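A.B. asks: return atomic coordinates for the entry below.
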Amino acid sequence: MSAEISNSAVSIVDPARTRIAGAIKQASGATGASFEYLLATAKMESNFNPQAAASTSSAKGLFQFIDQTWLGTVKEAGSQFGYGQYADAISKSASGSYSVSDPAARQAIMDLRNDPVISSAMAGALTQSNSFKLTGDIGRRPTDAELYMAHFMGVGGAAKLISTAQDNPGAIGAALFPNAAAANQSIFYDRSGQARTVAQVYDNLTSRYDAAANSQATHSAMASVGGAVPAGAAMLLASAAPVDNAAYLSSFPDVRNVAPVSATSPVDAAASSTRQSSEPMFRSLFLGGDRSEPVSPAVQQLWNGASGPPPTTAPPTTSLSYAPTTSGETALSMPPTSSLSATPTVRAPQPLDLFSDRSGTFAN
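C.D. replies: Here you go, the predicted model:
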């Protein structure tokens, strides 16, 4: 299978893009998250590069998961995709941070972010969680652009931005979100360095999301796997999430207990805009809760307390793989169970029931 990226004069075959689009479509079907939304987010985050790595944070992969959010999402949702051995290797502290005691196992788990199939599945699961929370906060289902704001600013920050843009649109965005503004100056300041209002920040984020969703690259990726290019922005869910999903969804990472860093004061918006042009558009996405950028408070705390560089290990050999079958469907091969030599119990993949919690495991 191959993708054809075409304009009026050229047609380019891009099988790698097709493979990535197939992985994202598969994740959409498995989790219920919008295919169009996940494609647009991957475009904004990594330009469809599964090996992308941020220079200013721990963010890696197709969806630029930072370390703590990746560990938390694998912990909560990994077993539903046959990754119970990885989920079992991750521990959650009383403060809400996630860790893996064995360095080799931790590296193997973190390197899974580079696999577009696994990264897309985790992004779909976390997207559903954020959608449910944001719907409760603003009293309606968010648009795709507003849902992206939840990934950019955390659910609490997005709800605050959305409500303030409606109730007090002239408020200065950087005053309400100093840490996000310090790390994303091109969003909160114009090219002259003038601070944008909350309404302008909202419009800026919406415009950037719409541009990614309507880009030729996104439409080509969608068409390569038989997706219909939407006439307008797609809503995330076809129906509202059931009430009994709340316990499970609310268990996803929402690190808010660490005091945020203070924002920097001098602003060089033009330099910031130039610097970001060659990197993923935003920093520190896919983390629930109001937080500071570019690195989550939990990761900052872990880094500040570290006495030396992280251990280096050989790249893991475990990864879900994606390949189109003769019927056009996607096929998965599960990771070898011997890669984590420590002790986590290997469980067979469970029937997908990602957004329910019948046993009350995640009720607290």
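A.B. asks: what residue ranges in the protein score low on pLDDT?
C.D. replies: Along the chain, segments meeting pLDDT under 70 span 1-13, 227-364.
A.B. asks: all helices for the stretch 101-250 of the chain, in order.
C.D. replies: All helices of the stretch 101-250 of the chain, identified by DSSP state H, counting those that start in this stretch, fall at 103-111, 116-138, 144-167, 173-176, 178-183, 185-188, 198-213, 216-224, 246-249.
A.B. asks: kindly reformat these as CSV containing mean neighbour count and distance to Lys60.
C.D. replies: Heads up, the C-betas are built off the backbone N, CA and C, glycines and all. Output for these, formatted as CSV (neighbours: other CB atoms under 10 Å; distance: least, CB to CB, whole Å):
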stretch, mean neighbour count, distance to Lys60
helix 103-111, 20, 8
helix 116-138, 26, 9
helix 144-167, 23, 15
helix 173-176, 19, 28
helix 178-183, 22, 17
helix 185-188, 24, 22
helix 198-213, 20, 19
helix 216-224, 20, 20
helix 246-249, 20, 25
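A.B. asks: among the ones you listed, which comes closest to Thr18?
C.D. replies: helix 216-224 (4.4 Å; CB to CB).
A.B. asks: what is the closest one packed up against?
C.D. replies: strand 4-6, helix 15-31, helix 35-46 (3 or more CB pairs under 8 Å, 6 or more residues apart in numbering; DSSP states H and E).
A.B. asks: what about 7 Å?
C.D. replies: Secondary-structure packing of helix 216-224 (3 or more CB pairs under 7 Å, 6 or more residues apart in numbering; DSSP states H and E): helix 15-31, helix 35-46.
A.B. asks: what's the most buried one of those?
C.D. replies: helix 35-46 (a mean of 25; mean count of other CB atoms under 10 Å).
A.B. asks: tell me the angle that helix makes with helix 116-138.
C.D. replies: Going by axes from the mean of the first three to the mean of the last three CA atoms, to 10 degrees, helix 35-46 is angled at 110 degrees with respect to helix 116-138.
A.B. asks: next, the angle from helix 35-46 to helix 15-31.
C.D. replies: Using the same axes, to 10 degrees: helix 35-46 against helix 15-31 is 130 degrees.
A.B. asks: on that earlier part again, for the helices and strands packed on helix 216-224, give me CSV that also has distance to Val117.
C.D. replies: Output for those, formatted as CSV (distance: least, CB to CB, whole Å):
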stretch, distance to Val117
helix 15-31, 4
helix 35-46, 12
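A.B. asks: out of those helices, which is closest to Gln85?
C.D. replies: helix 15-31 (19.1 Å).
A.B. asks: on contacts alone, who are the packing partners of the closest one?
C.D. replies: Using 3+ CB pairs under 7 Å, 6+ apart, helix 15-31 sits against helix 35-46, helix 116-138, helix 216-224, strand 321-324.
A.B. asks: would you say Ser91 is within a strand?
C.D. replies: Yes - per DSSP: H, G, I helix; E, B strand; the rest coil, Ser91 lies within a strand segment.
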